[in-house]
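A.B. asks: quick one: sequence and predicted model below, then my questions.
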Amino acid sequence: FYLAKEALGSRVNRIEINLYDMTPENVGVFDVVFCNDVLLHITDPARALWTIKNLCRERLVVGLPILELEKPKFTVREPRIWLRRTLGHLA
């Protein structure tokens, strides 16, 4: 992170914080928030999505893994439906 920051002359800052503790006051608000595969590794993904949604001004992009199973247990649309139900109009 710091090598890329210096090489690019970036003003970006790294903040080490628990996802559930993130608020607009302590990390800011962003036009685009990208969350990739984080939901697999936490105990309360719905709470995490609400937390992330509150940091997002315009667009929230959530990456979900595609599970390779002999017989898929869900269709490609189902994760999107779950996100829509969880986040309402932002999904």
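C.D. replies: Perfect, I can see it now.
A.B. asks: residue boundaries of the strands in the protein?
C.D. replies: Taking DSSP state E as the criterion, the chain carries its strands at 30-36, 56-63.
A.B. asks: for Val12, which of those is the nearest?
C.D. replies: With CB to CB as the criterion, Val12 lies closest to strand 30-36 of the strands of the chain, at 11.4 Å. All C-beta spots, glycine's among them, are computed from the backbone N, C-alpha and C.
A.B. asks: now render the strands of the chain as JSON lines, adding distance to Asn13 and mean neighbour count.
C.D. replies: Formatted as JSON lines, these follow (distance: least, CB to CB, whole Å; neighbours: other CB atoms under 10 Å):
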{"stretch": "strand 30-36", "distance to Asn13": "13", "mean neighbour count": "13"}
{"stretch": "strand 56-63", "distance to Asn13": "18", "mean neighbour count": "14"}
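A.B. asks: give me the below-cutoff pLDDT ranges for this structure.
C.D. replies: 66-83, 86-91 (pLDDT under 70).
A.B. asks: center of it - which residue?
C.D. replies: The residue lying closest to the centre of the chain (CA atoms, centre = their mean) is Cys35, at 2.6 Å.
A.B. asks: about what we covered before: reformat the strands of the chain as JSON lines; add distance to Asp21.
C.D. replies: Shown next, in JSON lines, are these (distance: least, CB to CB, whole Å):
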{"stretch": "strand 30-36", "distance to Asp21": "16"}
{"stretch": "strand 56-63", "distance to Asp21": "17"}
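A.B. asks: Ala48: which of those strands is closest?
C.D. replies: Nearest of the strands of the chain (CB to CB): strand 30-36, 8.0 Å.
A.B. asks: partner strands of that closest one, with direction?
C.D. replies: strand 56-63 (parallel) (DSSP bridges).
A.B. asks: just how off-centre is the strand it pairs with within its chain?
C.D. replies: Centroid separation for strand 56-63 versus its chain: 7 Å, with CA atoms, centre = their mean, to the nearest Å.
A.B. asks: for it, C-alpha coordinates in PDB please.
C.D. replies: Written as PDB, here are the backbone C-alpha positions of strand 56-63 (Å, rounded to 0.1, in the frame of the first residue of the first chain):
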ATOM      1  CA  CYS A  56     -21.800   5.000   0.000                       C
ATOM      2  CA  ARG A  57     -23.000   8.200  -1.800                       C
ATOM      3  CA  GLU A  58     -23.600   6.700  -5.300                       C
ATOM      4  CA  ARG A  59     -22.900   3.100  -6.000                       C
ATOM      5  CA  LEU A  60     -22.200   0.000  -4.000                       C
ATOM      6  CA  VAL A  61     -20.500  -2.900  -5.800                       C
ATOM      7  CA  VAL A  62     -20.600  -6.200  -4.000                       C
ATOM      8  CA  GLY A  63     -18.700  -9.200  -5.300                       C
END
